[in-house]
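Q: sequence-free structure coming up:
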């Protein structure tokens with residue numbers, strides 16, 4: 001069930017907020033992934049309109065080339081959850097959330113309690129307009145890993161923008177700020193979210 005299509009759906013500004021939320025969730029997850037892999041070159045940038053051939057060539061030398069290499073590795077090791085998670089992360093970075101979910105579903109079968117995979121699933125489900133599913137995913141991480149600041153931050157964003165529960169959002173952001181291992185970028189963003197209010 002999706003919760004973005006409730007009766008009296010969002011107006012234009014509401015849709016902009018939800019679009020920002022999807023972007024913010026993806027950035028937080030992808031940012032932590034890039035840091036973990038120490039591969040800053042994975043940042044996806046919009047291709048300039050300099051001709052389809054050139055754009056396709058740049059894509060094949062960037063994320064698509066990497067995905068092709070990973071697909072080859074998956075052919076050799078089709079049940080490797082690390083490869084499947086990496087594939088999901090690459091597709092998330094490209095905004096292909098439906099493709100990412102396919103790989104995360106496979107990871108979930110062998111690693112149902114993996115916090116990284118569950119966080120990724122929460123981001124994917126949000127971007128596929130399954131707000132309730134995203135909430136369950138983030139809460140599932142926190143049930144077993146209560147100090148996971150990524151799940152806390154993402155849940156705070158859901159409470160603030162999608163679920164319209166500012167008190168719960170503030171509680172989540174305060175917990176993120178109190179966590180000792182939060183990266184500076186997430187800490188600064190959590191502080192801004194705590195101080196700002198959603199415009200009606």
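A: Happy to help now that I have it. Note that this is a predicted model, so its numbers are computed, not measured. Numbers count the residues shown, from 1 in each chain.
Q: any regions of this structure where pLDDT drops low?
A: 1-63, 200 (pLDDT under 70).
Q: 50 instead, please
A: Along the chain, the parts satisfying pLDDT under 50 run over 1-20, 23, 27, 30-60.
Q: all helices for it, in order.
A: 12-37, 52-60, 63-76, 81-93, 97-110, 115-127, 131-144, 149-157, 166-178, 184-195 (DSSP state H).
Q: got the angle between the fifth one and helix 81-93?
A: Yep, that's helix 97-110 we're talking about. In terms of direction (axes from the mean of the first three to the mean of the last three C-alpha atoms, to 10 degrees), helix 97-110 departs from helix 81-93 by 160 degrees.
Q: what's helix 97-110 packed up against?
A: Helix 97-110 sits against helix 81-93, helix 115-127, with contacts defined as 3 or more C-beta pairs under 8 Å, 6 or more residues apart in numbering; DSSP states H and E. From N, CA and C alone the C-beta is placed, and that goes for glycine too.
Q: so for residue 75, which of the ones you listed sits nearest?
A: The closest of the helices and strands packed on helix 97-110 to residue 75 is helix 81-93. By C-beta to C-beta, the value is 10.2 Å.
Q: list the buried residues of that closest one.
A: For helix 81-93, burial by neighbour count (16 or more other C-beta atoms under 10 Å) applies to 81, 83, 84, 85, 86, 87, 88, 89, 90, 91, 92, 93.
Q: again, but for stretch 133-140
A: For stretch 133-140, by 16+ other C-beta under 10 Å, it's 133, 134, 135, 137, 138, 140.
Q: what does stretch 68-76 give?
A: Those would be 70, 74, for stretch 68-76 by 16+ other C-beta under 10 Å.
Q: need the contact partners of it.
A: Contacts to stretch 68-76, defined as C-beta atoms under 8 Å, 6 or more residues apart in numbering, come from residues 80, 83, 84, 86, 87, 90.
Q: check contacts around the nearest residue to the last one once chain neighbours are set aside.
A: In space, residue 90 comes closest to residue 67 once its chain neighbours are excluded; the distance is 5.4 Å by C-beta to C-beta, 6 or more residues apart in numbering. Contact analysis of residue 67 by C-beta under 8 Å, 6+ apart lists 87, 90, 91.
Q: pretty sure residue 152 contacts residue 179?
A: Yes. At 7.5 Å, residue 152 counts as touching residue 179 under the criterion of C-beta atoms under 8 Å.
Q: compare these two and say which is more crowded by neighbours.
A: Shown here are residue 152 and residue 179; by other C-beta atoms under 10 Å, residue 152 has more neighbours (27 against 15).
Q: separation between the more buried one and residue 125?
A: Distance of residue 152 to residue 125, given as C-beta to C-beta, to the nearest Å: 17 Å.
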